[in-house]
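>>> Here is my input; please provide its structure:
(one chain, ligands or ions: 1)
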Amino acid sequence: MRRALILFVTTGVLLAGCATGNKLQAQGRSVDIAWNPAPGFKPAPEQYPMPTPELITKRTDIRKARYPAIDIHFHARDWSAAESQLKLMDEMGVGMIINLDGRFGERLETAMKNAAISDGRLINFARLNWEGVNEAGWDQREADELERSFKAGAQGLKISKRLGMGWKNTDGSYIMPDDARLNKVWAMCAKHGRPIMIHSSDPPARWRPIGPDNERYEAGMWRSGAKGNYYGTDIPNYRQLLDAQERLVANNPKTIFIAAHMACRGWNLVEVARLLETYPNFYVDIDARLQELGRQPYSSRRFIIKYADRVLFGTDGNPRRTEDFWIPHWRFLETDDEYFDHPAQMINELGAGLQGRWKIHGIFLPDDVLKKLYYENALKLLGPKVREDFEQLQK
Ligand SMILES: [Zn+2]
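Numbering: from 1, shown residues only. Purely as a prediction, here's the structure:
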């Protein structure tokens, strides 16, 4: 497994929409978030892999999801790897995958065409074209384009964290998630009953100084560069970003928002619960946050059971991810196995996971909750075409 991980890293990784670790370079697209070096940053030795535990404990032999999982958060670019992905999906028990990189125009057309071999199992979400965001008429232009994307088959819209952390107003300030010029876009999603997958903010440790008491540093991040650390930069604080995301959800009650990465609040499930209680149009997915959830297994289990109708399954995976990535998801959700590796989103050259230097524990969700998480909730949000295709697949 280790060799696979190292290979995976050295071939270069695109962690679309997600910041990259110290040696990991985003390829194939520009990452325009201001990666300013934090003041006082000094390189430090690389982090080494976790020690081999001597613990002997149950390890469930699990390969496939118990029910056909719908991965609501995946980065497949234009589905050029559709064929091999479908094969892996069959092996892993994945029913459908939502590609958040469908974009718009020609790219969306290509993604739809490549996905067409899948009988509806490979699905695309659209994105906005942010070019000209400060020009008059951008909002109408994008609402119209989005409508074309929906008619072309896009089942939802993805908004990346660059809203709030990347795109700027003409005065140099950041365009925040609750910016009024997006109202036409949100209304268009409501009109077509299409959900929005929105990523706002990042884990708080990214805003804290780089040093041994920062849990991300301890995990191995920022050993050789400050990329992805926002301390001392002009990027709005996570609290400002999260508050803006909450205002957005409050201001648009007819629009469905799925807040990615446990709403970027997986470190505070009490707050996620408050949002779910307050806003019926608010949903969360678990993608790329198994490290957060798996280190608080009792709280996570209680939380997902209580809010079983509002939590969706997602991985933040991409076509390069093999079974080593998928299986820990099933283990975490379905078994009571203890003290195992989370499916790391970022791994350094030595195989050390950069998002948490700790192990996770399974939360053995009951079958009815698993079904909701794996597919029932997604089917409720994704509209009739997807439901029909899913039913067809089960025959
Ligand atoms: Zn993502």
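
>>> got any ranges where the stretch 1-150 of the chain has weak pLDDT?
Where the stretch 1-150 of the chain drops to pLDDT under 70, the residues are 1-47.

>>> Could you rerun that using 50?
Counting by pLDDT under 50, the ranges of the stretch 1-150 of the chain that qualify are 1-37.

>>> mind listing the strands for it?
All strands of the stretch 1-150 of the chain, identified by DSSP state E, counting those that start in this stretch, fall at 69-74, 94-103, 122-126.

>>> closest one to K191 among these?
Taking Cβ to Cβ as the criterion, K191 comes closest to strand 122-126 out of those, the separation being 14.1 Å. All C-beta atoms are positioned from the backbone trio N, CA, C, and that covers glycine.

>>> Against which helices or strands is the closest one packed?
With contacts defined as 3 or more Cβ pairs under 8 Å, 6 or more residues apart in numbering; DSSP states H and E, the packing partners of strand 122-126 are helix 82-92, strand 94-103, helix 105-115, helix 138-151, strand 157-159.

>>> In a markdown table, list the ones you listed along with distance to D287.
As requested, the helices and strands packed on strand 122-126 are arranged in a markdown table below (distance: least, Cβ to Cβ, whole Å):
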| stretch | distance to D287 |
| --- | --- |
| helix 82-92 | 15 |
| strand 94-103 | 10 |
| helix 105-115 | 19 |
| helix 138-151 | 22 |
| strand 157-159 | 12 |
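
>>> Any chance of JSON lines for these, columns distance to the ion?
What follows is these, written out as JSON lines (distance: least, Cβ to the ion, whole Å):
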{"stretch": "helix 82-92", "distance to the ion": "16"}
{"stretch": "strand 94-103", "distance to the ion": "6"}
{"stretch": "helix 105-115", "distance to the ion": "16"}
{"stretch": "helix 138-151", "distance to the ion": "19"}
{"stretch": "strand 157-159", "distance to the ion": "8"}
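
>>> Bridging across strands, which residues link to F74?
Each beta-bridge partner of F74 is listed here: N99, G317, as defined by DSSP bridges.

>>> isn't it right up against D316?
Yes - F74 is within contact range of D316, at 7.3 Å (criterion: Cβ atoms under 8 Å).

>>> can you tell me the residue of the stretch 101-250 of the chain closest to the ion?
Per Cβ to the ion, the residue of the stretch 101-250 of the chain with the smallest distance to the ion is H199, at 6.4 Å.

>>> Tell me how many other residues crowd Y174.
The burial metric for Y174, expressed as a neighbour count using other Cβ atoms under 10 Å, is 21.

>>> Could you tell me the per-residue confidence at it?
If you check Y174, the pLDDT there is 97.

>>> Return the backbone torsion pair for it.
Main-chain torsions, Y174, degrees, to the nearest 10: phi -80, psi 140.

>>> related to what we said a few turns ago, could you dump the strands of the stretch 1-150 of the chain into CSV and include mean neighbour count?
As requested, those are exported to CSV (neighbours: other Cβ atoms under 10 Å):
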stretch, mean neighbour count
strand 69-74, 27
strand 94-103, 26
strand 122-126, 28
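
>>> Quick one: closest of these to R289.
strand 69-74 (10.3 Å).

>>> distance between that closest one and the chain's centre?
Put simply, strand 69-74 sits 10 Å off its chain's centre (Cα atoms, centre = their mean, to the nearest Å).

>>> So which elements touch it?
In terms of contacts (3+ Cβ pairs under 8 Å, 6+ apart), strand 69-74 is packed against strand 94-103, helix 377-382.

>>> Now the helix or strand following the last one: average pLDDT?
Proceeding C-terminally, helix 377-382 gives way to helix 384-394 as the next helix or strand, assigned by DSSP states H and E. For helix 384-394, the per-residue pLDDT values average out at 95.

>>> what's the burial count for R206?
Under the neighbour criterion other Cβ under 10 Å, R206 is assigned a count of 21.

>>> which bits of the stretch 201-350 of the chain sit near the ion?
When proximity is defined as Cβ under 5 Å from the ion, the stretch 201-350 of the chain approaches the ion at D316.

>>> Count the neighbours of G153 for me.
Per other Cβ under 10 Å, the neighbour tally for G153 reads 18.

>>> Could you pull up the residues touching the residue nearest to it when sequence neighbours are not counted?
Counting by Cβ to Cβ, 6 or more residues apart in numbering, M112 is the residue found nearest to G153 once chain neighbours are left out, at 5.0 Å. Residues touching M112, when contacts are defined by Cβ atoms under 8 Å, 6 or more residues apart in numbering, comprise G102, N124, A152, G153.

>>> ok, now with 10 Å
D78, W79, G102, L122, I123, N124, S149, A152, G153, A154 (Cβ atoms under 10 Å, 6 or more residues apart in numbering).

>>> Would you tell me which one of these comes nearest to Y298?
I123 (34.0 Å).

>>> you'd agree the closest one is up against H73?
No - here I123 lies out of contact with H73, judged by Cβ atoms under 10 Å, at a distance of 11.6 Å.

>>> list residues touching both of the two?
Common neighbours of I123 and H73 (criterion: Cβ under 10 Å, 6+ apart): I97, I98, N99, L100.

>>> Counting neighbours, what do you get for P319?
18.

>>> The one 5 residues further on too?
Neighbour count of D324, defined by other Cβ under 10 Å: 15.

>>> Tell me the confidence at it?
We note a pLDDT of 91 for D324 in this prediction.

>>> can I assume it sits in a helix?
Yes - under DSSP: H, G, I helix; E, B strand; the rest coil, D324 falls within a helix.

>>> just checking, it touches G353?
No - using Cβ under 10 Å, D324 is not in contact with G353, being 11.8 Å away.
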